[in-house]
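> here you go, sequence then predicted model.
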Amino acid sequence: MTLSADLEQAGRRRRPRKVVLFVALTVALSVLCCAGGMAAFFLDGLSNDDQTLSTYGCGAGGPLPANGDMPSVSGYNEAQLRNAATIINVGAQLKVPPKGWVIAVATAMQESSLTNHGYLGARNDHDSLGLFQQRPSQGWGTPKQVQDPVYASRKFYQKLLKVRGWEKLPLTDAAQAVQRSAFPDAYAKHEPDAAEIVNLLADGAARAVGASVALACTTMGDVAASGWTAPVKAGLVSGFRTAERPDHQGVDLGASRGDDILAAAAGTVIVSRCDNDSQPPFRCDRDGSPSTPGCGWYVDIKHAGDVITRYCHMLYRPKVGVGQTVAAGQPIGIVGTSGHSSGPHLHFEVHLNGDRSSSGATNPMVWMREQGAPLGTGA
């Protein structure tokens, strides 16, 4: 699929960090591609990222003990990961759902970089101390108490649980309701890393939903603890930047005509239009073809952390308009085959750093897997 020229320029591309063990999958499929008709190929022709599946569980194994062996995570040392493990274990002991663990870990990332700070002298923010930079003068406890990671984590969760509807709030709003930070939007950027660390330290719990430590993997319509969900429940039919299609900036998911397309995460709609109206005789009110240019009816949504998702080839005009705020899992359109398409499917893209061009595109299979909402699971 080729988008119009305004979607194809400049910017730097950054791929998210990958820190998990993988097992290879090689399966032969008959596929329906954006760029052509039916074709047979093997998944071992896709990129290495598309061939692999995470060995994470779904949280049933429970959290690692904070004094056990820690995995290796780029950017975080052993002491920081032990602090994260403590935060997760306290949440599990209090029977806080895993989404709360992600919120707590992300908050500590912002407040202290997962470091149990004592008094920092001139760099101290008032009398803030510990993992969550809690202030004794504001009733969080004594200086000794708030520098105890177990105590500090418990106090964070106790206040989080008092926030009405916290489970349904965006991470940054839930964290801010507890912390009352002068920088209320700062927590959002830590959400992917926090979910990744919770997955590593708690048997994939960030991809699970539930009200206790007895967890189940997310399915279509469920929202992972990270706040992400699969936009359709359908198998992968064409991968990201394959050898056969190096300019394919997303993945094709073989959903059926008429299936709902869901917002992959909460955000704001920044594009909702037909990509072909400016190029008569091609239009979006009819099925497209391999010779039809553009995305057809499509939507772009901007999420926390300057992440953008794109949903192409909708059957009808999208259900959402520019400027509209959407929730994770909210229906935004219907699967169709408008634009540069040979049959019904969803073309799905993920872009980083607010860059809607091809330079900002990253592999959706890897990104969604790291958010705990893997793509490519069939109906």
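Done, it's in.
> ok, Phe132 touching Met109?
No - Phe132 lies out of contact with Met109 (CB atoms under 8 Å); the separation is 10.5 Å. Yep, even glycine has a C-beta here, placed from its N, CA and C like the rest.
> ok, these two, which is more surrounded?
Set Phe132 next to Met109 and count neighbours by other CB atoms under 10 Å: Phe132 wins out with 26 against 23.
> quick check: Trp166 vs Lys95, distance?
Noted for Trp166: a distance of 14 Å to Lys95, by CB to CB, to the nearest Å.
> ugh, wrong one, Leu253
To Lys95, Leu253 is 35 Å away according to CB to CB.
> these two: which is more packed in?
The neighbour comparison of Leu253 against Lys95 (other CB under 10 Å) goes to Leu253, with 26 against 13.
> tell me which element Ala108 is part of?
helix 98-112 (DSSP states H and E).
> likewise Ile301?
Ile301 belongs to strand 297-303 when elements are defined using DSSP H and E.
> run the angle between the helix or strand that that strand is followed by and strand 297-303 for me.
Going down the chain from strand 297-303, the next helix or strand is strand 307-314, by DSSP H and E. Per axes from the mean of the first three to the mean of the last three CA atoms, to 10 degrees, the angle that strand 307-314 makes with strand 297-303 is 170 degrees.
> any idea how the chain splits into domains?
Domains of the chain are assigned by automatic domain parsing as 78-214, 225-370.
> all helices for the chain, in order.
All helices of the chain, identified by DSSP state H, fall at 48-51, 78-93, 98-112, 143-146, 149-161, 171-179, 191-201, 364-370.
> quick one: low-confidence parts of the stretch 1-150 of the chain?
Applying pLDDT under 70 to the stretch 1-150 of the chain flags the ranges 1-62, 120-125.
> would you map the strands across it?
If DSSP state E, counting those that start in this stretch is used as the criterion, the strands of the stretch 1-150 of the chain fall at 22-24, 28-32, 38-42, 52-54.
> how much space between Asn89 and Pro364?
Using CB to CB, we find Asn89 at a distance of 32 Å from Pro364.
> of those two, which one has the most company?
More crowded of Asn89 and Pro364, by other CB under 10 Å: Pro364, with 28 against 21.
> gap between the more buried one and Asp173?
Plainly put, Pro364 is 26 Å away from Asp173 if you go by CB to CB.
> quick one: the strands in the stretch 201-350 of the chain?
Counting by DSSP E, counting those that start in this stretch, the stretch 201-350 of the chain has strands at residues 208-209, 216-217, 236-238, 251-253, 260-262, 267-274, 297-303, 307-314, 325-326, 331-334, 346-351.
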